[in-house]
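K.L.:
Got a sequence here, can you build the structure:
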Amino acid sequence: MGLPKRRCPNCGDTEQHFRHLHDAERVYALGQVQRADVHKYRRCTRQGCVRVQSYFNWRAGFDLPEEFRTPPQPA
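P.N.:
This is a model prediction of the structure:
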């Protein structure tokens with residue numbers, strides 16, 4: 001079973017794969033959402049995207065700071 005696809009407003013409202021938050025992302029997310037809800041949040045896996053949103057409601061989300069942005073891969 002692959003990663004779930006959800007609508008990502010940062011990626012032109014296209015369907016993108018979302019994954020669970022890594023440790024540093026989870027720490028930042030705890031400052032944005034209630035502790036009991038943090039497990040519901042996922043991060044967009046598209047390169048360069050910093051969107052984190054609720055698995056159940058794409059409108060409930062936020063952007064991670066720039067230091068979390070994935071650098072482009074060399075060609």
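K.L.:
what's the burial count for Lys5?
P.N.:
Each residue near Lys5 was counted by other C-beta atoms under 10 Å, and the total is 12. To be clear about C-beta, it is placed using only N, CA and C from the backbone, and glycine gets the same treatment.
K.L.:
which other helices and strands contact the one helix or strand Arg42 maps to?
P.N.:
Taking DSSP states H and E as the criterion, the element that holds Arg42 is strand 41-44. Applying 3 or more C-beta pairs under 8 Å, 6 or more residues apart in numbering; DSSP states H and E, one finds that strand 41-44 makes contact with strand 14-20, strand 51-54.
K.L.:
What lies in contact with the first one?
P.N.:
Outside strand 14-20, the residues within contact range by C-beta atoms under 8 Å, 6 or more residues apart in numbering are 2-8, 42-46, 49, 53, 55.
K.L.:
Low-confidence regions, this structure specifically.
P.N.:
Counting by pLDDT under 70, the chain contains low-confidence residues at 1-2, 71-75.
K.L.:
If we use 80, what do you get?
P.N.:
Across the chain, the stretches falling below the confidence threshold (pLDDT under 80) are 1-3, 70-75.
K.L.:
residue closest to the middle of it?
P.N.:
With distances taken as C-alpha atoms, centre = their mean, the residue of the chain nearest its centroid is Arg43 (1.9 Å).
K.L.:
May I have the residues that are in contact with that one?
P.N.:
18-22, 25, 50-52, 64.
K.L.:
How about it, nearest residue that isn't a chain neighbour?
P.N.:
Take Arg43 and drop its neighbours on the chain: the residue closest to it by C-beta to C-beta, 6 or more residues apart in numbering is Val52, 5.0 Å away.
K.L.:
List the beta-bridge partners for that neighbour.
P.N.:
Val52 has these beta-bridge partners by DSSP bridges: Arg43, Phe62.
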